[in-house]
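>>> please work out how this folds:
(2 chains)
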Amino acid sequence: ETGVTQTPRHLVMGMTNKKSLKCEQHLGHNAMYWYKQSAKKPLELMFVYNFKEQTENNSVPSRFSPECPNSSHLFLHLHTLQPEDSALYLCASSQVGDRGYRGYTFGSGTRLTVV
Amino acid sequence: KQEVTQIPAALSVPEGENLVLNCSFTDSAIYNLQWFRQDPGKGLTSLLLIQSSQREQTSGRLNASLDKSSGRSTLYIAASQPGDSATYLCAVMFGNQFYFGTGTSLTVIP
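Numbers count the residues shown, from 1 in each chain, chains lettered A, B, ... in the order given. Alright, predicted model coming up:
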């Protein structure tokens, strides 16, 4: 399998549940990202991992917890979410080189609904 | 901070028409600019990537231009087809992250 794969595609969870989103990239990239896409808003960067180290956390609430065990896998652990957290969560990867970041490759996203 | 604006927010054209989508950004010190396509409920598909040293990129019926000094990019779609209907997003690499516009929703009418 090639590209960036996200699972699950759809997720419905209650406000007291704990769930995890998974992202896997088969491109040999060294940087991975989580984005949130809400209706009528630009994509919001949540977390950035370069070489497995978290380099960005854009003031994301602690109910979202990222994990990057290796350069190919990225998780987003969710707990005690709010209805306003319902959105499309997108994972992306990129190759970071001496000349800076290159283009992104995105996964298909996880459509999250919090009830 | 970088702000990215896309105009128009929505566009409807008859099949076969050529069209231009616009993207503007506030800080010209960008590394690159990328155009994406997003179908409803799906992820983003990369269309064209323009490095900061380039002026344009072409792929099939698509041509993207970049004018860093004026903070503008355009995506030109030739001979539009119903399958081109989607939301088109512009993103600029600034600092160490991409900044996205809100997109242009394109509908091509058969």
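
>>> quick one: the helix-or-strand element of chain B with minimal mean pLDDT to chain centroid distance?
Ranking every helix and strand in chain B by mean pLDDT, DSSP states H and E puts strand B:97-100 at the bottom, with a mean of 86. Relative to its parent chain, strand B:97-100 has a centroid offset of 13 Å by CA atoms, centre = their mean, to the nearest Å.

>>> pull out the buried residues from that strand.
Under the neighbour-count criterion of 16 or more other CB atoms under 10 Å in any protein chain shown, strand B:97-100 has B:97-100 buried. In this view, the C-beta of every residue, glycine as well, is placed from N, C-alpha and C.

>>> now the strands for chain A?
When assigned using DSSP state E, the strands of chain A occupy the ranges A:4-7, A:10-13, A:18-25, A:31-37, A:44-50, A:53-57, A:64-70, A:73-79, A:87-94, A:96-97, A:100-101, A:105-106, A:110-114.

>>> ok, now chain B?
Under DSSP E, chain B gives strands at B:4-7, B:10-14, B:19-25, B:32-38, B:44-51, B:56-59, B:62-67, B:72-77, B:86-94, B:97-100, B:104-109.

>>> any idea of the mean pLDDT for the longest one?
Confidence for strand B:86-94, expressed as mean pLDDT, is 94.

>>> helices and strands around that strand, which ones?
Strand B:86-94 sits against strand B:4-7, strand B:19-25, strand B:32-38, strand B:72-77, strand B:97-100, strand B:104-109, with contacts defined as 3 or more CB pairs under 8 Å, 6 or more residues apart in numbering or on different chains; DSSP states H and E.

>>> count of residues packed around residue A:16?
A count of neighbours around residue A:16, defined by other CB atoms under 10 Å in any protein chain shown, yields 8.

>>> pretty sure it sits against residue A:80.
Yes. With contact defined as CB atoms under 8 Å, residue A:16 reaches residue A:80; the gap is 6.5 Å.

>>> ok, back up a step: lowest average pLDDT across the strands of chain B?
Among the strands of chain B, strand B:97-100 carries the lowest mean pLDDT (a mean of 86).

>>> flag every residue of chain A that's near chain B.
Chain A comes close to chain B at residues A:4, A:6, A:40-43, A:45, A:48, A:55-56, A:88, A:90, A:92, A:100-109, A:111, as judged by CB under 8 Å from any CB of the partner chain.

>>> could you list the single helix or strand in chain A with the lowest mean pLDDT?
For chain A, counting by mean pLDDT, DSSP H and E, that's strand A:100-101 with a mean of 58.

>>> check contacts around residue 19.
Since no chain was named, I'll use chain A. Contacts for residue A:19 (CB atoms under 8 Å, 6 or more residues apart in numbering or on different chains) come out as A:11, A:13, A:77-78.

>>> wrong one, chain B
Residue B:19 touches B:11, B:13, B:76-77, B:80, B:106, counting by CB under 8 Å, 6+ apart.
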